[in-house]
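Undergrad: have a look at this fold, sequence not included:
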């Protein structure tokens, strides 16, 4: 909680700045490894596999081709969707990984508690920022 003479920093930060402040468990980005990736609107995350670097000239910085896994809301297990869902994403939004998938599909993820905890912290910060905007 800020002191009375300090401005509320959450109000003046962009979502990207706020995201950079959260501790990330991503050490290195490795091809064929899995990471949790944050999406801003609405706040949610996906587990995705790195296919390689993006060679698109429209992006700058560290961007990777990612393939999404879908999560079954009832079982909490992850599986590949019927059709590939591939996108070029900035490494900035990867907040946990590499992850350990167990099984041969549908998969469970060993680090799911860490992913959920980090996601909820960031989601809460975004909601606070939006309430004060």
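TA: Nice, thanks for sending it over. Since the model is a prediction, treat every value here as computed from it, not as a measurement. Residues are numbered from 1 along each chain as shown.
Undergrad: where does the protein dip in pLDDT?
TA: Applying pLDDT under 70 to the chain flags residues 1-27, 56-61, 133.
Undergrad: all helices for it, in order.
TA: 9-12, 15-21, 112-132 (DSSP state H).
Undergrad: the residue lying closest to residue 97 once chain neighbours are set aside: how many residues sit nearby?
TA: Closest residue to residue 97 apart from its sequence neighbours, by Cβ to Cβ, 6 or more residues apart in numbering: residue 35 at 3.3 Å. No exception for glycine: its C-beta is placed from N, CA and C like everyone else's. The local packing of residue 35 (other Cβ atoms under 10 Å) involves 26 other residues.
Undergrad: same thing with the one 3 residues further on?
TA: Residue 38 is flanked by 22 other residues according to other Cβ under 10 Å.
Undergrad: tally of neighbours for the closest residue to it other than its chain neighbours?
TA: Counting by Cβ to Cβ, 6+ apart, residue 38 lies nearest to residue 93, which is 4.8 Å off, once chain neighbours are set aside. Applying other Cβ under 10 Å, we find 18 residues neighbouring residue 93.
Undergrad: surely residue 93 is in contact with residue 39?
TA: Yes. The pair residue 93 / residue 39 is scored as a contact, 7.5 Å apart, by Cβ atoms under 8 Å.
Undergrad: list the buried ones in stretch 101-112?
TA: Within stretch 101-112, the residues that qualify as buried are 101, 106-107, 109, 111-112, counting by 16 or more other Cβ atoms under 10 Å.
Undergrad: show me what residue 96 is bridged to.
TA: Taking DSSP bridges as the rule, residue 96 bridges to residue 36.
Undergrad: how close does residue 70 sit to residue 107?
TA: Residue 70 sits 11 Å away from residue 107, going by Cβ to Cβ, to the nearest Å.
Undergrad: swap that for residue 42, please
TA: 24 Å.
Undergrad: how about residue 53?
TA: For residue 53, the distance to residue 107 - Cβ to Cβ - is 24 Å.
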